[in-house]
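# The sequence and its predicted three-dimensional model are supplied below.
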Amino acid sequence: MNMLFILILIPNLSLYKLSKEISKKCLSAEIPSYIQNVERLPGNGFIKIKKPDLKNIDFLPQDIIVGDTPHETLLVNYPFELYGNIFVINDGVLILDSAQLTIHGMIYGTGMGKILVDSSVIHFPQVHIYQYGIFLADSSYMDMRNSRVYGNFMPLNMMVTHKAKANWRDNDLSQSFFTTVLFGNAEIWIYNAQLPGEYLMFDSVNAHFKNIDSLLIWFHFPESSYVDFEFPPWGWLYNFVFDSTLPGVSEISYHVDVDSSFYVMWGLFPAYGCDATINNSEIRTIGIFFNHTTSDTLQSLVNESYYSNFTLPLNDRNFTLNNTYVHTWSLYPQDTAFVELSYSIVGEVLSMGNSFMMSHNYFLDGSGGHLEASGNSLNFVYLTSLSCDVISTEMGIQVLYYTSQIYGNIWATDSSRLFILQSEYSTEPIPHDASYLMVGKIDYLSSYYVGDTIRIFGDAYADGGPLNPSYNLDHYTLHYQPPNDTNWYFIGYYNSERKHDTLGIWNTQGLQSGGYNLKLTLYSNIGDTMECQKWFNLYPVGVKEANLTIPDVKESEIIYDICGRKISFLKNSKKNFVLPRGIYFIKKAGRVHKAVSFK
């Protein structure tokens, strides 16, 4: 059984070394060999859909397969809801004609399959970003006209690869926002659409856009490519072309043309080995890929910045900006790359493959997307502010420590792991599929004065997704460390989960005032261990004690303080005792007999 041990200390420079040790434990030989980061290049959100192995795939009983019988055609012309995927394979044909399809899954086209959609509505009821979408591979073809697609106001995946083609005309895509990646010799036509999303160009693809309102096109600059280019403004655009036939552009195999369109924005992927110079342009987003076994450190990348002359400080590529404004920077480590980011403002950070992304002291403003760990990667974030969604996918490990999420959702999906330590979040994290998450936080104390019995409030729990219901918290412990002491002292052992509740009771009688570290250690039922700490200052009571005389004590009496706590039990023979200055109530025969103010 896989076990994960994470030890987190008070954030300081030692976290750099600590994070490397975490990566060795998390990214180990336990990674299944069949988990592969097949597609290297992500979009605004990582495109996790991959070509299924149709010879070995385990189809769900509710999946619809069109084409397993030669010359098979399926016509849908009525409202239909499917809890599964649609596969159009071989020479199969799927026709949606005046249909209303609600699909809780993916639509796949492979082989020579055809997907023909006219005057229909396709609804993907997603519960998290990039949950569903469309995949076209081989020589498949999708034609969609006069139709509407939406995904619960969350972005959808789309991939067109090999020699597949997509011809979309006169559709309403304004509620879907597709992140579409084109690979191989794929071709796509998007005509007459508003807000169709973002489109990523790689390899030898062809893309044609006409009569579009608001569009983001990403241009990949591959190894050995040369680009010296000035992109036009974002206003009306006519007869724009980008390919290697242009002066100042070489070793670019894809072709892009845009005509009669408005608000067309530019995104750039300067890959390792490229030589690219951008002049006098406004760039919506720049995504930096880190490939292979590299170790890179980046600082001072700031969104919404003007660069009169700037060269990206990476030795494996030459990327220069002259008189250019950049709205968003984003980072995408892959393969076995190690990347450290600090003191920056960026729009998206996605770790993939077997990479390790460590980031601290920066702001992720969400202008490029979200925070994600996918593949077998580790994405470790601390001392950071987030204004975006957070998601872990596949076998990725996402760790948030001393981090504050101002806005956004938090999801764990697939078989990923999500750990949230000493962090603030805007919505409750949700585990999906076979994923699991652990949350540990020491929040606040009921009192900050020595001598009190103090309640420690916070979170200590673990949850698994619906396919991993047995995962939970086994127990947790609390310890404290006094000022100028290296030892830890036991507070308590607890075997029940806590959410926004009392974690434990700390008796501080006899302790000195000063700064104390509190340590919370959580243990899951499969051996995962997570530890976090928080520092508090305990103050002296701050008032002098003196003798108080209660007159006329004739029978048993009880003294309470102003908060209703029992202070003393009096007998006839006891009239004098020591109390701090304050207001006290004397109760006799079941009722308050008198109030005494001791000044």
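That came through, no problem. Numbering: from 1, shown residues only.

# separation between the residue nearest the centre of the chain and residue 283?
With distances taken as Cα atoms, centre = their mean, residue 390 lies nearest the centre of the chain, 1.8 Å away. Separation of residue 390 from residue 283 (Cβ to Cβ, to the nearest Å): 26 Å. C-betas here are computed from N, CA, C, even on glycine.

# And for residue 415?
Distance from residue 415 to residue 283, by Cβ to Cβ: 36 Å.

# which helices and strands does the lengthiest strand in the chain pack with?
Secondary structure of the chain per DSSP state E: the longest strand is strand 206-221. On a contact count with 3 or more Cβ pairs under 8 Å, 6 or more residues apart in numbering; DSSP states H and E, strand 206-221 meets strand 187-194, strand 197-201, strand 255-259, strand 261-270, strand 285-290.

# Please state the mean pLDDT value computed over the last one.
Average pLDDT, strand 285-290: 95.

# coming back round to it: turn the helices and strands packed on strand 206-221 into JSON lines, columns for distance to residue 500.
Listed next are the helices and strands packed on strand 206-221 as JSON lines, based on distance: least, Cβ to Cβ, whole Å:
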{"stretch": "strand 187-194", "distance to residue 500": "43"}
{"stretch": "strand 197-201", "distance to residue 500": "38"}
{"stretch": "strand 255-259", "distance to residue 500": "51"}
{"stretch": "strand 261-270", "distance to residue 500": "40"}
{"stretch": "strand 285-290", "distance to residue 500": "37"}
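
# do you know which of those lies nearest residue 459?
Ranking the helices and strands packed on strand 206-221 by proximity to residue 459 (Cβ to Cβ) places strand 285-290 first, at 33.5 Å.

# Show me what the residue nearest to residue 471 when sequence neighbours are not counted is bridged to.
In this structure, residue 471 finds its nearest non-sequential neighbour in residue 464, 3.2 Å apart by Cβ to Cβ, 6 or more residues apart in numbering. Taking DSSP bridges as the rule, residue 464 bridges to residue 436.

# quick one: pLDDT of residue 464?
As summarised for this prediction, residue 464 has a pLDDT of 96.

# what's the answer for residue 447, then?
Taking residue 447 on its own, its pLDDT is 88.

# How about it: what's its closest non-neighbour residue?
Nearest non-adjacent residue to residue 447 (Cβ to Cβ, 6+ apart): residue 454, at 5.0 Å.

# got the buried residues for stretch 275-282?
275, 276, 277, 278, 281 (16 or more other Cβ atoms under 10 Å).

# and residue 444, what is it in contact with?
Taking Cβ atoms under 8 Å, 6 or more residues apart in numbering, we find residue 444 in contact with 457, 458.

# Can you report how many residues neighbour residue 148?
17 (other Cβ atoms under 10 Å).

# oh sorry, the question was meant for residue 342
Residue 342 has 17 nearby residues by other Cβ under 10 Å.

# Please apply the same query to residue 236.
Neighbour tally, residue 236, other Cβ under 10 Å: 11.

# ok, it touching residue 258?
No - the pair residue 236 / residue 258 is not scored as a contact, 10.6 Å apart, by Cβ atoms under 8 Å.

# Quick check: buried residues in stretch 134-148?
In stretch 134-148, the ones that count as buried by 16+ other Cβ under 10 Å are 134-142, 144-145, 147-148.

# What of stretch 62-80?
The neighbour-count check on stretch 62-80 (16+ other Cβ under 10 Å) flags 63, 64, 65, 66, 67, 72, 76 as buried.

# what's the span of it, first residue to last?
Using Cα to Cα, to the nearest Å, one end of stretch 62-80 lies 13 Å from the other.

# now, which of the buried residues of stretch 62-80 lie within strands?
Per DSSP E, the subset of those in strands is 64, 65, 66, 76.

# May I see the residues you listed arranged in a markdown table, with pLDDT and distance to residue 449 as well?
Putting these into a markdown table (pLDDT from 0 to 100; distance: Cβ to Cβ, whole Å) gives the following:
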| residue | pLDDT | distance to residue 449 |
| --- | --- | --- |
| 64 | 94 | 67 |
| 65 | 94 | 69 |
| 66 | 95 | 72 |
| 76 | 95 | 70 |
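
# Kindly export stretch 274-294 (C-alpha atoms) in PDB.
The C-alpha coordinates for stretch 274-294 follow below in PDB (Å, rounded to 0.1, in the frame of the first residue of the first chain):
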ATOM      1  CA  CYS A 274      13.700  28.500 -29.800                       C
ATOM      2  CA  ASP A 275      15.000  31.900 -30.900                       C
ATOM      3  CA  ALA A 276      12.100  34.300 -30.700                       C
ATOM      4  CA  THR A 277      11.900  38.100 -30.500                       C
ATOM      5  CA  ILE A 278       8.500  39.900 -30.200                       C
ATOM      6  CA  ASN A 279       8.400  43.600 -31.000                       C
ATOM      7  CA  ASN A 280       5.800  46.300 -30.400                       C
ATOM      8  CA  SER A 281       3.000  44.000 -29.400                       C
ATOM      9  CA  GLU A 282       0.400  43.400 -26.800                       C
ATOM     10  CA  ILE A 283       0.500  39.800 -25.600                       C
ATOM     11  CA  ARG A 284      -2.400  38.300 -23.600                       C
ATOM     12  CA  THR A 285      -0.400  35.500 -22.100                       C
ATOM     13  CA  ILE A 286       3.000  33.800 -22.200                       C
ATOM     14  CA  GLY A 287       3.300  30.200 -21.100                       C
ATOM     15  CA  ILE A 288       6.800  28.900 -20.200                       C
ATOM     16  CA  PHE A 289       7.400  25.200 -20.600                       C
ATOM     17  CA  PHE A 290      10.200  23.400 -18.700                       C
ATOM     18  CA  ASN A 291      11.200  20.100 -20.300                       C
ATOM     19  CA  HIS A 292      13.400  17.200 -19.500                       C
ATOM     20  CA  THR A 293      15.700  17.100 -16.500                       C
ATOM     21  CA  THR A 294      16.200  20.800 -15.900                       C
END
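
# what separates the closest residue to residue 169 other than its chain neighbours from residue 336, distance-wise?
Closest residue to residue 169 apart from its sequence neighbours, by Cβ to Cβ, 6+ apart: residue 191 at 4.4 Å. Remark: distance between residue 191 and residue 336 (Cβ to Cβ) = 42 Å.

# List the residues that contact residue 337.
With Cβ under 8 Å, 6+ apart, residue 337 has these contacts: 290, 291, 292, 293, 294, 295, 296, 353, 355, 356.

# Then residue 433?
Contacts of residue 433 were listed using Cβ under 8 Å, 6+ apart, and they are 413, 414, 415, 465, 466, 467, 468.

# so the fourth one touches residue 412, yeah?
Yes - counting by Cβ under 8 Å, residue 465 does reach residue 412; the two are 6.9 Å apart.

# what residues are shared contacts of these two?
Common neighbours of residue 465 and residue 412 (Cβ under 8 Å, 6+ apart) are 431, 432, 435, 436.

# shaky segments in the stretch 351-500 of the chain?
Along the stretch 351-500 of the chain, no part satisfies pLDDT under 70.

# Which residue ranges of the stretch 351-500 of the chain form strands?
In the stretch 351-500 of the chain, the strands defined using DSSP state E, counting those that start in this stretch lie at 356-360, 363-364, 371-373, 378-387, 390-392, 397-407, 410-412, 417-421, 430-431, 436-445, 453-464, 473-481, 489-494, 498-507.

# Residue 182 bridge partners, please.
With DSSP bridges applied, residue 182 shows beta-bridge pairing to residue 160, residue 201.

# follow-up on the earlier one: hmm, which two among the ones in strands among the buried residues of stretch 62-80 are most spread apart?
65 and 76 (14.3 Å).

# Quick one: classify residue 241 as helix, strand or coil.
Following DSSP: H, G, I helix; E, B strand; the rest coil, we place residue 241 in the strand state.

# Contact partners for it?
255, 256, 257.

# what about the second one, how many neighbours?
Look at residue 256: counted by other Cβ under 10 Å, it has 19 neighbours.

# Which pLDDT value belongs to it?
For residue 256, the predicted pLDDT is 98.
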